[in-house]
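Trainee: Need coordinates for the following:
(one chain, ligands or ions: 1)
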Amino acid sequence: MNVLDLGDIHLHWREDGDPHGAPVVFANSLGTDLRMWDRLIPHLPRGLRLIRYDKRGHGLSACPPAPYSMGALVRDAERLLDALEIRDCVFVGLSVGGLIAQGLAVKRLDQVRAMVLSNTAAKIGTAQMWADRVAAIRQGGLEAIADVTMERWFSRRFRETPDVKLYRAMLTRQPAEGYCGVCAAISGTDFLTPTSALTLPTLAIAGAEDGATPPDMVRETAELIRGARFHLIRGAGHLPCVEKPQEYAAVLTEFLTAIGHV
Ligand SMILES: O=C(O)CC1=CCC(=O)O1
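Mentor: The predicted model follows:
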């Protein structure tokens with residue numbers, strides 16, 4: 001377990017693989033912590049430096065009072081990478097992690113040489129949708145949204161397995177304050193214009209049964225970026241790295257190989 005103390009906030013992060021290898025940084029989604037990538041990591045090539053972290057309000061990182069801004073989420077990632085002396089990483093962002101990837105690529109191209117936009121978009125949801133969700137959580141806690149969230153996160157097949165209980169527990173154990181803080185950041189973000197100006201190598205990944213960022217939404221975002229690749233994972237919802245870790249690793253490895261990162 002590693003902690004980065006930034007004074008005003010601390011971030012929990014973890015490193016796997018080769019500390020001297022080419023860096024790949026993972027940013028996970030709303031309501032999850034860095035264990036979201038646990039099933040994927042063993043399938044990735046040896047020799048990479050694999051960094052993941054809990055964004056503010058999630059996991060073991062600090063949980064300041066809501067609301068948060070996307071600027072703060074991007075700055076946290078930027079400060080983590082600076083502290084770890086990471087340049088030219090491949091930044092893999094899933095859902096809100098993908099918004100962080102876009103914001104970081106716009107701001108710090110020295111840190112990001114390529115990005116993976118997984119189950120994400122330039123804009124996710126509407127202000128009304130996020131306000132309604134925050135209101136439901138303020139009234140009933142994360143338990144109030146847990147069942148409907150599992151329907152967005154996972155395919156029907158996965159929801160019939162006992163494993164879904166692990167991810168439901170991951171969600172309901174996040175601080176409600178942190179979850180609502182990140183909802184505010186997503187609600188206030190529209191990267192359509194800045195992302196359209198990006199030219200770095202990009203892989204977009206979608207889950208065919210994703211109830212939060214459906215494949216068309218991910219594809220439209222990929223089409224904003226010249227040369228971006230798109231891969232659809234069948235039989236998976238919003239978290240294909242959980243449901244289909246081998247296919248996710250294979251498509252990620254193919255991309256890393258194509259851009260000369262492995
Ligand atoms: O709605 C969900 O639970 C999925 C999601 C939307 C943004 C994010 O990061 O996760």
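Trainee: C-alpha only now, for contacts and for neighbours.
Mentor: Will do.
Trainee: Could you pull out the helices in the chain for me?
Mentor: 70-83, 96-107, 127-140, 143-153, 156-159, 164-172, 176-187, 192-196, 215-222, 240-243, 245-258 (DSSP state H).
Trainee: gap between the second one and the chain center?
Mentor: Spelled out, that is helix 96-107. Taking Cα atoms, centre = their mean, to the nearest Å, one finds helix 96-107 lying 10 Å from the centre of the chain it belongs to.
Trainee: Now the residue in the stretch 151-262 of the chain that the ligand sits nearest to. Nearest residue, chain neighbours left out?
Mentor: Taking Cα to the nearest ligand atom, the ligand has its nearest neighbour within the stretch 151-262 of the chain at Ala212, 5.1 Å off. Nearest residue to Ala212 in three dimensions, chain neighbours excluded: Arg152, at 5.5 Å (Cα to Cα, 6 or more residues apart in numbering).
Trainee: what's around that neighbour, how many residues?
Mentor: 18 (other Cα atoms under 10 Å).
Trainee: go on, Pro64?
Mentor: Should you count by other Cα under 10 Å, Pro64 turns out to have 14 residues around it.
Trainee: That one: what's it in contact with?
Mentor: Counting by Cα atoms under 8 Å, 6 or more residues apart in numbering, Pro64 touches 9, 56-57, 177-178.
Trainee: hmm, which two among those are most spread apart?
Mentor: Taking every pair in the contacts of Pro64 and measuring Cα to Cα, the maximum separation is 15.0 Å, between Ile9 and Glu177.
Trainee: Those two: who's more crowded?
Mentor: Set side by side, Ile9 and Glu177 show unequal neighbour counts under other Cα under 10 Å, the larger going to Glu177 at 21 against 13.
Trainee: From Pro175, how far out is the closest residue in space to the more buried one that isn't next to it in sequence?
Mentor: Spatial nearest neighbour of Glu177, chain neighbours left out: Ala66 (5.9 Å); criterion: Cα to Cα, 6+ apart. Using Cα to Cα, to the nearest Å, Ala66 is found at 11 Å from Pro175.
Trainee: now swap in Ser29 and tell me
Mentor: Between Ser29 and Pro175 the distance, using Cα to Cα, works out to 14 Å.
Trainee: Who has more neighbours out of those two?
Mentor: Ser29 (24 against 17).
Trainee: Quick check: residues of the stretch 101-250 of the chain near the ligand?
Mentor: Counting by Cα under 6 Å from any ligand atom, the residues of the stretch 101-250 of the chain lying close to the ligand are 149, 212.
Trainee: quick one: low-confidence ranges for the stretch 101-250 of the chain?
Mentor: Counting by pLDDT under 70, the stretch 101-250 of the chain shows no low-confidence range.
Trainee: mind listing what the residue lying closest to Asp147 once chain neighbours are set aside touches?
Mentor: Spatially, and ignoring its direct neighbours in sequence, Asp147 is nearest to Arg168 (7.9 Å; Cα to Cα, 6+ apart). Contacts here follow Cα under 8 Å, 6+ apart; on that basis Arg168 touches 146-147, 150.
Trainee: Give me the buried entries from those residues.
Mentor: Burial by neighbour count, judged by 16 or more other Cα atoms under 10 Å, picks out 146, 150 from the contacts of Arg168.
Trainee: Rebuild the contacts of Arg168 as CSV, extending it with distance to Ala250.
Mentor: What follows is those, written out as CSV (distance: Cα to Cα, whole Å):
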residue, distance to Ala250
Ala146, 30
Asp147, 30
Met150, 25
